[in-house]
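A.B. asks: A structural model of the following input is requested.
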Amino acid sequence: MPPIQKLNQSRDFRRLYARGTGAVCSVCAIYYRKNRRAFNRIGITASTKIGNAVQRNRAKRLLTEAYRLLAPRLRPGYDLILVARRRTVDVKMNAVLNGMTGLLTAAGLVEKEQ
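C.D. replies: Numbers count the residues shown, from 1 in each chain. This is a model prediction of the structure:
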């Protein structure tokens, strides 16, 4: 599996927040927009409202792992921002995976299974 392509420039985050489409569940929020590439790029963020550095890093690890598990099923050509919410730190991996799956399916980013 190829490595995950990351968004790491402030202008990319600002563009997605301003022009992208957003969706929210209890454990995470996503912003997404089509890009002109043949692959997806993701950015992961957790504000200081989440907690201390240990809690923010745990939340980001959970979101990264959930994305990694869903990546083979996603449509290519999108920029995504995954935003941790306060509840992200307190839940198990399955809850994060289910929440993210629901958001991405509702957004139409998950390809149909054959």
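A.B. asks: where does the prediction get shaky in this structure?
C.D. replies: Residues of the chain that meet the criterion pLDDT under 70 lie in 1, 113-114.
A.B. asks: now the helices for it?
C.D. replies: Assigned by DSSP state H, the helices in the chain fall at 10-19, 53-70, 93-106.
A.B. asks: closest one to L82 among those helices?
C.D. replies: Distances from L82 to each of these were compared using Cβ to Cβ; the shortest belongs to helix 53-70, at 4.5 Å. Yep, even glycine has a C-beta here, placed from its N, CA and C like the rest.
A.B. asks: what's the spacing between the residue sitting nearest the centre point of the chain and Y17?
C.D. replies: In the chain, the centroid-proximal residue (Cα atoms, centre = their mean) is L82; its distance is 2.9 Å. Applying Cβ to Cβ, to the nearest Å, one obtains 13 Å for the distance of L82 from Y17.
A.B. asks: got it, and I30?
C.D. replies: Distance, I30 to Y17, by Cβ to Cβ: 12 Å.
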